[in-house]
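Asks: everything below, folded, please.
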Amino acid sequence: MSLPRYTRFAPVCTVGAVLALAVGAAPAAADPAPAAHSRADNVEVLAGGQAAGLPAPAGASSAEDALADAVVDGVLEERSTDLSALDDAGRGVRVDIRESAGDAAFGVAIVTAPEKEGQEPYAWLFAAELSGGAWAVGLEGDEAFSDLLADSALLDGEERTALAASTDPGRASAAQATGVGLPFAAGTSMVMTGGPHGFSPGPPYSSVDFAGGAGQARAAAGGYAYSLCTGWTRVIHGNGYSTDYYHLEDYQWLPGNDVGTGHYLGTQGNSLCAGGSTTGAHIHFSLRAYTDPNAAGWYVPLNGRTLGGWTFVEGAAYGGYAYRNGVGTVYPGGSMYNYGP
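Replies: The predicted structure follows:
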């Protein structure tokens, strides 16, 4: 799915400013302009037709750029970094504006990764509201996201209510029993090619890799499914957890569909729609939660948690194992049966 980039324009010096400089007068004091992140080489702004009515703050040259600048600010604060540091690491920020309604907007923000081993992207849904001449932005997993979404006219009413409640760290409740299966059809098996490991080079070890079997990625539990890019889906469940599925091919685009357990998402593959790497076709499956104040909306360790009827135990990255009482233990390279949520 290809969406248009927006042409950037250089700022124009006003006649008044030129005259002031010519006579040596100090220019009138003005509020500092927001950082023009959207003009950086490592920032990509996408906007589809549903964002056509996006409002712009007074004086903004582009409604899309003004919103993108605010979203990038939120991402940089969340990651405690800046665009220069990301650029040095071969990373960038992609802001995909999916919908607008009145003074509100909704979309996806991604920190892309270089296509090399040990590098993975990060992504959030975002909600935003234009208030007092500036965009206020919330990223999925923080209270601002839930509050802005709940008070808006964005999305379908049931979807909006469920998403705001499911991702609110003050209301959602996650447990060690996740109510989540494995990322393939219940009653079938795939090979666990990689045991618990991080979605980034280190902990938390939130992810496992699967391949073989029928090769199809399916929702591990019901919820609202969002395509983050073509090959990466997030399903937000109603119990305080969400699950990610990356590297998918033969992909179904899902812009917030209400899906059931086992819904087809794609096939195991090598997609790198936001960067990273693969050594062979597989499903990179990850668990996120919204209740830990130190990691709300972020990836959480699989260690000690039960998914698909198996309790995972971490070791070294890509090691560890999973066990089921009365059945046995599966190590990386072994076949794992999905007992469902």
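
Asks: so the most centrally placed residue in the chain bridges to which residues?
Replies: What sits nearest the mean C-alpha location of the chain, by C-alpha atoms, centre = their mean, is Ala123, with 2.5 Å. Beta-bridge pairing of Ala123, defined through DSSP bridges, involves Ile110.

Asks: residues in contact with the closest residue in space to Leu228 that isn't next to it in sequence?
Replies: For Leu228, ignoring the flanking residues on the chain, the nearest one in space by C-beta to C-beta, 6 or more residues apart in numbering is Ala123 at 4.6 Å. Using the backbone N, CA and C atoms, a C-beta is placed for each residue, glycine as well. Each residue near Ala123 by C-beta atoms under 8 Å, 6 or more residues apart in numbering is listed here: 108-111, 228-229, 232, 234, 274.

Asks: what's the helix or strand hosting Asp244 in contact with?
Replies: Asp244 is part of strand 241-246 when elements are defined by DSSP states H and E. Strand 241-246 has contacts (C-beta under 8 Å, 6+ apart) with 166-167, 174, 178-180, 183, 199, 207, 217, 219-221, 223, 231-237, 265-266, 271, 276, 283-290.

Asks: wait, is Ser200 part of a helix?
Replies: No: Ser200 is assigned coil when assessed by DSSP: H, G, I helix; E, B strand; the rest coil, not a helix.

Asks: wait, is Glu158 part of a strand?
Replies: No: counting by three-state DSSP, Glu158 is not found in a strand; it is helix.

Asks: which residues are in contact with it?
Replies: Here Glu158 is in contact with Asp258 (C-beta under 8 Å, 6+ apart).

Asks: averaged pLDDT, the one helix or strand Glu99 maps to. What do you get?
Replies: Using DSSP H and E, the element containing Glu99 is strand 92-101. Average pLDDT, strand 92-101: 96.

Asks: circling back to that earlier point, while we're on the residue nearest to Leu228, how confident is the model there?
Replies: pLDDT, Ala123: 96.

Asks: again with the one 4 residues further on
Replies: As predicted, Ala127 sits at a pLDDT of 97.

Asks: coming back round to it: and the residue nearest to Leu228, how far from Asp151?
Replies: In this view, Ala123 and Asp151 are 24 Å apart by C-beta to C-beta, to the nearest Å.

Asks: then His197?
Replies: 38 Å.

Asks: show me which of those two is the more surrounded one.
Replies: Set His197 next to Asp151 and count neighbours by other C-beta atoms under 10 Å: His197 wins out with 27 against 13.

Asks: run the angle between the longest helix seen in the chain and strand 92-101 for me.
Replies: Assignment by DSSP state H gives helix 63-79 as the longest helix of the chain. For helix 63-79 against strand 92-101, the angle by axes from the mean of the first three to the mean of the last three C-alpha atoms, to 10 degrees is 120 degrees.

Asks: low pLDDT regions in the protein?
Replies: Low-confidence segments of the chain (pLDDT under 70): 1-35, 172-176, 201, 292-296.

Asks: quick one on the thing from earlier: off-centre distance for the strand holding Asp244?
Replies: Distance of strand 241-246 from the chain centroid (C-alpha atoms, centre = their mean, to the nearest Å) equals 9 Å.

Asks: and for stretch 52-61?
Replies: Using C-alpha atoms, centre = their mean, the offset of stretch 52-61 from its chain centre is 25 Å.

Asks: so which residues of the stretch 1-150 of the chain form helices?
Replies: 15-22, 63-79, 83-88, 143-150 (DSSP state H, counting those that start in this stretch).

Asks: that older thread, let me have the contacts of Ala123 in JSON lines, adding neighbour count and distance to Trp310 as columns.
Replies: Formatted as JSON lines, the contacts of Ala123 follow (neighbours: other C-beta atoms under 10 Å; distance: C-beta to C-beta, whole Å):
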{"residue": "Val108", "neighbour count": "24", "distance to Trp310": "31"}
{"residue": "Ala109", "neighbour count": "24", "distance to Trp310": "33"}
{"residue": "Ile110", "neighbour count": "23", "distance to Trp310": "30"}
{"residue": "Val111", "neighbour count": "24", "distance to Trp310": "31"}
{"residue": "Leu228", "neighbour count": "23", "distance to Trp310": "26"}
{"residue": "Cys229", "neighbour count": "23", "distance to Trp310": "29"}
{"residue": "Trp232", "neighbour count": "26", "distance to Trp310": "24"}
{"residue": "Arg234", "neighbour count": "23", "distance to Trp310": "22"}
{"residue": "Ala274", "neighbour count": "23", "distance to Trp310": "28"}
